[in-house]
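# sequence plus predicted model, see below.
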Amino acid sequence: MRRAKARPASPAALHAASQPLPTLVSLSPAGAREDRSVVCKKRYSPLALWHLLSLDAPTVASIWTLFIARCSHVELPWTSPAAMFLAVWMIYATDRLFDARLLDLGLPANLLSVGLLEMRDRHYFHHRHRTGFLVVILLASLALTPLLCSLDPGSLYRYAVLATLLAAWMLMIHVRPLPASARDRPRLRPLPKELAVGIFFPAAIFIPTLARTVPAPQAAHLLGHAAIWLRPSLLPSAILLACICTLNCLYLHCWEHPSAEDSISAGKPDFEICRRSLPSATRLLPHWSTQWGLHYLQPFAWTTLALSTLIAVGCRRFGYPGMQATELPALACALSAAALITLDRLRRKLSPIHLRGAADLVLLTPLLLLSLMR
């Protein structure tokens with residue numbers, strides 16, 4: 001009797017008690033394989049497949065790359081968005097395969113159950129089809145090589161610097177010691193993925209346009225060597241896009257971790273509710289910057305929407321034709337922020353996998369504004 005009382009609740013029970021957590025959880029590796037087989041028998045909608053195949057982020061990156069260039073009256077060769085698509089797809093597919101590697105480590109049941117609470121449908125899908133993903137990643141790397149060689153030297157140099165920083169960032173995220181037991185003291189993540197997306201994703205999108213524009217003499221004198229990376233005309237759009245990308249990641253984290261959402265609604269940024277409600281699932285707590293962003297998620301979302309709208313209206317009302325490089329991206333960011341806020345209100349009416357796909361789908365607002373370009 002005493003031993004039965006000391007046994008922690010199974011991850012499946014935690015999953016049922018915290019709907020709509022989009023996680024399939026089993027107590028044992030055999031149970032995990034059984035759950036994954038059930039997942040793989042499902043028939044997915046086009047939106048779900050777009051997400052499960054890791055095509056969502058590459059599509060967003062390619063569309064925004066073309067959009068920013070068009071707003072700045074820069075003609076990009078087809079190789080630039082094609083290289084962007086392949087590179088981003090490889091990064092996201094590899095990241096999800098790394099996240100799903102826990103299923104192959106042969107961990108004890110208690111540690112495996114803790115790790116499975118962080119798994120989503122995309123992780124099980126990538127693990128189930130990992131051989132196919134690895135083959136396609138290899139083929140994509142072979143196709144990416146000539147595309148990179150065709151880029152201009154300015155873009156290639158900036159991408160090399162960005163790729164080095166991103167590789168170091170992701171290495172610090174994924175290479176971490178596993179807890180000795182499920183009762184270890186909770187630890188903070190060393191670096192946040194949300195901040196990485198907010199920094200590296202917009203930077204990669206703006207590099208092709210940045211490399212094909214020349215800074216004004218005043219800007220070059222004021223910024224010095226930093227003028228290689230900064231353009232005053234592109235800076236507002238880059239900041240707004242960084243806010244949208246960070247907002248997208250924070251909403252996804254909130255939707256996939258209902259306990260974090262409860263903590264936000266209760267006004268407890270230190271995640272005490274998470275520690276009490278899911279003691280076995282908090283071995284690796286969100287980074288402090290993620291906790292801060294989640295605590296102020298709604299003010300951050302409404303501030304981003306208001307700021308984007310004001311900049312777009314201000315450029316239209318008081319700007320001049322050259323302000324299109326700021327006006328249309330600001331309008332696209334405003335539409336995306338409004339759509340994310342709407343999705344947050346409708347999140348309980350959508351399945352987790354469709355909610356995850358829709359969160360990236362609403363970032364394709366540049367497609368709505370192509371007709372407004374001159």
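Thanks, I have it.

# could you report the neighbour count for His253?
His253 has 20 neighbouring residues, counting by other CB atoms under 10 Å. (Each C-beta comes from the backbone N, C-alpha and C, glycine too.)

# what pLDDT does it get?
Per-residue pLDDT puts His253 at 86.

# quick one: it is in a helix?
Yes. When DSSP: H, G, I helix; E, B strand; the rest coil is applied, His253 is found to be in a helix.

# residue boundaries of the strands in the stretch 101-250 of the chain?
Counting by DSSP state E, counting those that start in this stretch, one finds strands in the stretch 101-250 of the chain at the ranges 187-188.

# in it, which ranges drop under the pLDDT threshold?
The stretch 101-250 of the chain contains residues with pLDDT under 70 at 103-119, 173-192, 194, 215-229.

# what about the helices in it?
For the stretch 101-250 of the chain, applying DSSP state H, counting those that start in this stretch gives helices covering 109-116, 121-128, 130-149, 153-174, 193-211, 217-223, 235-256.

# got the CA positions of the third one in PDB?
Once non-C-alpha atoms are left out, helix 130-149 reads as follows in PDB (Å, rounded to 0.1, in the frame of the first residue of the first chain):
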ATOM      1  CA  ARG A 130      13.800   9.300 -39.500                       C
ATOM      2  CA  THR A 131      15.500   7.200 -42.200                       C
ATOM      3  CA  GLY A 132      13.600   9.000 -44.900                       C
ATOM      4  CA  PHE A 133      14.300  12.400 -43.300                       C
ATOM      5  CA  LEU A 134      18.000  11.600 -43.100                       C
ATOM      6  CA  VAL A 135      18.100  10.700 -46.800                       C
ATOM      7  CA  VAL A 136      16.300  13.800 -47.800                       C
ATOM      8  CA  ILE A 137      18.500  16.000 -45.600                       C
ATOM      9  CA  LEU A 138      21.500  14.500 -47.400                       C
ATOM     10  CA  LEU A 139      20.000  15.100 -50.800                       C
ATOM     11  CA  ALA A 140      19.100  18.700 -49.700                       C
ATOM     12  CA  SER A 141      22.600  19.400 -48.600                       C
ATOM     13  CA  LEU A 142      23.900  18.200 -52.000                       C
ATOM     14  CA  ALA A 143      21.400  20.500 -53.800                       C
ATOM     15  CA  LEU A 144      22.200  23.400 -51.400                       C
ATOM     16  CA  THR A 145      25.900  23.400 -52.200                       C
ATOM     17  CA  PRO A 146      25.600  24.800 -55.800                       C
ATOM     18  CA  LEU A 147      22.900  27.200 -54.700                       C
ATOM     19  CA  LEU A 148      25.200  28.700 -52.000                       C
ATOM     20  CA  CYS A 149      28.100  28.900 -54.500                       C
END
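
# show me the contact partners of that helix.
The contact list for helix 130-149 (CB atoms under 8 Å, 6 or more residues apart in numbering) reads 79, 82-83, 86-87, 89-90, 93-94, 97, 100, 126, 156, 159.

# quick one: contacts for Leu335?
Contacts of Leu335 by CB under 8 Å, 6+ apart are 362, 365, 368.

# state the distance from the nearest residue to Leu162 once chain neighbours are set aside to Ala238.
Leaving out its chain neighbours, the residue that sits closest to Leu162 by CB to CB, 6 or more residues apart in numbering is Ala203, at 5.7 Å. Counting by CB to CB, to the nearest Å, the gap between Ala203 and Ala238 amounts to 8 Å.

# ditto for Arg212
The separation that Arg212 has from Ala238, given CB to CB, amounts to 15 Å.

# just want to know which of these two has more residues nearby.
Between Arg212 and Ala238, counted using other CB under 10 Å, the more crowded position is Ala238 (19 against 16).

# name all residues that make contact with that one.
By CB under 8 Å, 6+ apart, the contact set of Ala238 is 202-203, 206.

# let's see it at 7 Å
Taking CB atoms under 7 Å, 6 or more residues apart in numbering, we find Ala238 in contact with 202, 206.
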